[in-house]
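Colleague: structure, please.
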Amino acid sequence: MRDVTSFVPSLVLSAELNSENENLEQLGPIIRSIYDNGRQEAFLEQLAVFVRKKEGEIERMCNSNYQEFVHSVDQLLKVRQGTVNLKNKIIDLNYDVQLSGKKLASKKKELIQTRRIQKNIDEAVETLQTCLYVLDLANRVNLLIDDKKYYSALKTLEEVQTVHLRKVSQYEFARHMQESIPVIQNNIKDAVTREMKEWLFKVREVSEKVGKLAMEQLFLRQIRWKKIIGQNPDLGSVLVNSPIELAMNEDNEFNVVNNDQLQIDFKPLYQCLHIYEELGKRNEFKINYEEDRRAQANLVLSTTFTLKDGDEKGFEAFLFEIMGFFVIEHIIVQSTHNFRSQREVDILWDSVTTKVIKMVSNSLRECHKPDLFVRIKHFLTSYIQVFEEYSYNTHKYMDLHFNVFQRYSEMLKEKFAEDFHQTLLDDDYMPMIVNAPDEYEAVVDACWFKDDQRAMTLRYPRSLPFSQAYPSCCLDIKNFVDQFYDFAEDASAKHNYLDDTLKEALDSLLIEHVNGVLLGKLQSTNLSQIVQIIINLEYFESMCSELEKLLKDRRSLHRGGRVQLNAPNEFHQTRQKAEKRIFELVNSKIDDFLELADYDWAPLVSQSQPSPFLQDMVGFLTTVISSTLYNLPMSIKTFIYFDALDHLSTSLHDLILSPEVKKLNANGVANFDIDVKFLEQFAQGLDDPNIADAFMELRQIVTLLQCENMEEYLTSSTRNKKYSRIKPADVVNLIEKMLKDQSTITLSILERSRKRGMETVLKTLKPDKVDSIVDSLFSTPQFFDIFNNKIPRHE
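Modeller: Residues are numbered from 1 along each chain as shown. A predicted model of the protein is given here:
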């Protein structure tokens, strides 16, 4: 008997564990035990003792927390006292500051009074000296105007007006001088305006020269930079106009408007700007200047040129003049303040650029000579780089540049598309034969072909897995990429879209003109040709990865990231269609052999040899495997083997279960067993574990029909082990055909027993019970393991 004291902790623990779900299952046995033993009062006493114990623990915990609370209140009281003391100190400090401020204000008033007195004295002395000085300045203004020192004259006149005349305004001569000042100012403004107009005309005449000099200097910088890169290959990724190149070329800076060949003096412009600014008419001058420059730009845009006859001189002269015009504008923006804003220049730049691009685009439509097209491209590239050097927005010119590259890529694509198409049409779709080491090396270099054996150790002539079309297309693709990037040299680093254009062009060539031709060839019934297309497609697909690496390396100087073509997916899909086409052709041939099948399912005697149509079929498959499919990858061959054998197995399965087969006897089963063994030996001879069980269902059918005790199929363990792939409905079909061929009068005792077993199975598997058998069969893990392992995986 348990002690009552042991129940109390159990009850408490049970209550804590089950307080949420109110599960009292654990309390029942404990309370019943107490009641059966008559220990209620003793249990209540122990429970009271336990309660008092817990109350004591609670009281001790409360006392401990109370002492901490009292300590916190004491600390708060101390902080309050410190705050009061700090406040008193701040009040005292404020009083001292106020007292010091009053003394400082008093001294400041005394100082101001003293300075006022001194100022009055100085003004009296200055008034006496000003009269003579004003007359002297008036005479000096006239002398400066005669010497064309307009800004000095204007500043002196301004000094007289704003400074000295005010001091002597009570005199008569001062009034006359004040009235003549506006007339003198207008004379100065007209004079500087005439000089500025003359300067603009001269600048218009030399704009083309400025553009040529800017282009020449860019060429010189490019040459110098190539030499530097040759001495320091690590700078190969650094381009002209980059910060590093500009820093390293500081010692060779060239002023395109002030050199041995050309000097442009901006003094008339700056002088006119200063004069207008001093007269408070800066906006008037800005408006007049902008109108003049816009008129000059329109005059340049009125120039006509044509590229129809291959003469690019007029084209270059036009762009040189545009270039010089905006180089001068850039210099004016950089050398002046609050006069020619970048926004105003950009507005004019956008307007002129739009018109220039339109004129150039129209002219390019007339250009049909590849060499002239290349020269124009190089000129436009340098033209854009010059404007980039002067910080102009060249995005619109990038579009023009893009159109140039698009047209050139279209020309290349059309040329190579025709080559690809013709190469693939003329291909014999037979493995390529090389006759010498140098020929083999040429093929390897052309198509990224990897072979572990060295060319000199190989025997010749040598057969390669792919046909002649593959290395020819690879070589054309490399030439296409080389010509494209040769055309894009010195510009592609600034135009990332060129890589995308090349990628799209390559995808178009590979998908439309390589993959498209091969896809059309799949309609052929020539099995050897389809097999060669699969091999070629596999090499084309692997070639794409090498091509992606090549593209990444070619653009690595200016753009990172992975290059991914769409062509591999298309090649892969076409390869799958080609494999499917092989399945169709092989299965079609198998169907042709099956049409020759003439089974007698209830013969009087059994045969000793496989059926003739199966021997012919296996001979055909052996020939196909040893010759036609020889060069295919093992993964594809395995899938072809399995599909063909699975198709054959399914066809034979359907044949024996066909409603046309009315009866079946032991000799027919024995003949079918010979055929199944023949096919199993053929499958095993392929040395591929994935297809070893291709005829497993046929083997289980034969085993079941030849077994002495067919009732073992009804045993779940035996059925899952020996007959896992046979459906109950098929068993019913087979047994009914076997029973139709038997008569109890002529049967032996063993045969009668076997027949009764078949009848028992038949009664058990009748339609009203078949469903339960199927559920039992399909729910076993062995069934799903067999089903999952039946079909080999193929990527």
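
Colleague: and the residue of the chain most remote from its centre, what's its pLDDT?
Modeller: For the chain, the largest distance from the centre (Cα atoms, centre = their mean) belongs to residue 172, which lies 84.8 Å off. pLDDT for residue 172: 80.

Colleague: what does residue 296 give?
Modeller: 90.

Colleague: so where do the helices sit in the stretch 351-500 of the chain?
Modeller: Counting by DSSP state H, counting those that start in this stretch, one finds helices in the stretch 351-500 of the chain at the ranges 370-389, 395-426, 437-447, 469-487, 497-508.

Colleague: and the contacts of the first one?
Modeller: In other words, helix 370-389. With contact meaning Cβ atoms under 8 Å, 6 or more residues apart in numbering, helix 370-389 is reached by 214-215, 218-219, 240-241, 307, 310, 312, 315-316, 319, 323, 326-327, 360, 364, 367, 394, 397-398, 400-401, 404-405, 407-408, 411, 487, 490-491, 494. Bear in mind the C-beta positions are built from the backbone N, C-alpha and C, glycine included.

Colleague: then stretch 323-334?
Modeller: Contacts for stretch 323-334 (Cβ under 8 Å, 6+ apart): 203, 206-212, 214-215, 256-257, 264, 266, 269, 293, 296-297, 300, 339-342, 345, 348-349, 352, 383, 386-387, 390-392.

Colleague: buried ones among those residues?
Modeller: Taking 16 or more other Cβ atoms under 10 Å as the criterion, what is buried in the contacts of stretch 323-334 is 203, 206-212, 214-215, 256-257, 264, 266, 269, 293, 296-297, 300, 339-340, 345, 348-349, 352, 383, 386-387, 390, 392.

Colleague: just checking, which of those residues belong to helices?
Modeller: Counting by DSSP state H, the buried ones among the contacts of stretch 323-334 place 203, 206-212, 214-215, 269, 293, 296-297, 300, 345, 348-349, 352, 383, 386-387 in helices.

Colleague: for residue 177, grab the count of nearby residues.
Modeller: Residue 177: 22 surrounding residues under other Cβ atoms under 10 Å.

Colleague: gap between it and residue 184?
Modeller: From residue 177 across to residue 184, the span is 10 Å (Cβ to Cβ, to the nearest Å).

Colleague: got it, and residue 691?
Modeller: 111 Å.

Colleague: same thing with residue 752?
Modeller: Relative to residue 184, and taking Cβ to Cβ, residue 752 is found at 146 Å.

Colleague: equivalent analysis for residue 730, please.
Modeller: Relative to residue 184, and taking Cβ to Cβ, residue 730 is found at 122 Å.

Colleague: what sits against the residue lying closest to residue 483 once chain neighbours are set aside?
Modeller: Excluding its sequence neighbours, the residue lying closest to residue 483 (Cβ to Cβ, 6 or more residues apart in numbering) is residue 412, at 6.0 Å. By Cβ under 8 Å, 6+ apart, residue 412 lies in contact with 480, 483-484, 505.

Colleague: try 7 Å
Modeller: 480, 483-484 (Cβ atoms under 7 Å, 6 or more residues apart in numbering).

Colleague: report pLDDT for it.
Modeller: 77.

Colleague: state the distance from it to residue 327.
Modeller: For residue 412, the distance to residue 327 equals 35 Å [Cβ to Cβ].

Colleague: now swap in residue 209 and tell me
Modeller: Applying Cβ to Cβ to residue 209 and residue 327 gives a distance of 11 Å.

Colleague: am I right that residue 447 is in contact with residue 472?
Modeller: No: judged on Cβ atoms under 7 Å, residue 447 makes no contact with residue 472 at a distance of 8.7 Å.

Colleague: okay, now residue 550: neighbour count?
Modeller: 16.

Colleague: hang on, it is in a helix, isn't it?
Modeller: Yes: per DSSP: H, G, I helix; E, B strand; the rest coil, residue 550 lies within a helix segment.

Colleague: ok, it - contacts?
Modeller: Contact analysis of residue 550 by Cβ under 7 Å, 6+ apart lists residue 481.

Colleague: and the pLDDT for it?
Modeller: pLDDT, residue 550: 83.

Colleague: now do residue 768
Modeller: 47.

Colleague: next: residue 792.
Modeller: Note on residue 792: pLDDT of 44.

Colleague: next one: residue 780
Modeller: Looking at residue 780, its pLDDT stands at 46.

Colleague: next: residue 317.
Modeller: Confidence for residue 317, expressed as pLDDT, is 90.

Colleague: which residues of the stretch 451-600 of the chain score low on pLDDT?
Modeller: 451-458, 489-498, 555-562 (pLDDT under 70).

Colleague: can you do 90?
Modeller: Scanning the stretch 451-600 of the chain for pLDDT under 90 picks out 451-568, 571-572, 574-600.

Colleague: strands along that one, start to end?
Modeller: 462-463 (DSSP state E, counting those that start in this stretch).

Colleague: residue 752 and residue 184: which is more packed in?
Modeller: The residue with more neighbours, out of residue 752 and residue 184, is residue 184; 19 against 12, by other Cβ under 10 Å.

Colleague: excluding its backbone neighbours, what's nearest that one?
Modeller: Counting by Cβ to Cβ, 6+ apart, the residue nearest residue 184 is residue 157, at 5.9 Å.

Colleague: now for the helix or strand hosting the one you found, which elements pack on it?
Modeller: Assigned by DSSP states H and E, residue 157 falls within helix 150-159. Under the contact criterion of 3 or more Cβ pairs under 7 Å, 6 or more residues apart in numbering; DSSP states H and E, helix 150-159 touches helix 40-146, helix 172-231, helix 267-278.

Colleague: ok, now how distant is the residue lying closest to residue 413 once chain neighbours are set aside from residue 499?
Modeller: Of all residues not flanking residue 413 in the chain, residue 505 sits nearest, at 5.0 Å (Cβ to Cβ, 6+ apart). Distance, residue 505 to residue 499, using Cβ to Cβ: 11 Å.

Colleague: one more: residue 410?
Modeller: 17 Å.

Colleague: with neighbour numbers in mind, choose between the two.
Modeller: Comparing residue 410 with residue 499 by other Cβ under 10 Å, the one with more neighbours is residue 499, at 21 against 14.

Colleague: count the residues that sit near the closest residue to residue 468 other than its chain neighbours.
Modeller: Among residues not flanking residue 468 along the chain, residue 432 sits closest, at 5.1 Å (Cβ to Cβ, 6+ apart). Residues contacting residue 432 under the criterion other Cβ under 10 Å number 20.

Colleague: before we move on, what about residue 766?
Modeller: 11.

Colleague: ok, the nearest residue in space to residue 152 that is not next to it in sequence to residue 308 distance?
Modeller: If the residues on either side of it in the chain are set aside, residue 152 comes closest to residue 144, at 4.9 Å by Cβ to Cβ, 6+ apart. To residue 308, residue 144 is 59 Å away according to Cβ to Cβ.

Colleague: the more surrounded of the two?
Modeller: Neighbours were counted for residue 144 and for residue 308 using other Cβ under 10 Å; residue 144 has more, 18 against 10.

Colleague: my guess is that one contacts residue 151. True?
Modeller: No: using Cβ under 7 Å, residue 144 and residue 151 do not qualify as a contacting pair, with a distance of 8.9 Å.

Colleague: which neighbours do the two share?
Modeller: Joint contacts of residue 144 and residue 151 (Cβ under 7 Å, 6+ apart) do not exist.

Colleague: now residue 568. Nearest residue, chain neighbours left out?
Modeller: Among residues not flanking residue 568 along the chain, residue 544 sits closest, at 4.3 Å (Cβ to Cβ, 6+ apart).

Colleague: who touches stretch 596-610?
Modeller: Outside of stretch 596-610, the residues within contact range by Cβ under 7 Å, 6+ apart are 611, 613, 655, 661, 663-665, 667-668, 670-671, 674-675, 678, 741.

Colleague: buried sites along that stretch?
Modeller: 599, 601-602, 610.

Colleague: between these, which sits nearest residue 59?
Modeller: Of all the buried residues of stretch 596-610, residue 59 sits closest to residue 601, with 98.2 Å by Cβ to Cβ.
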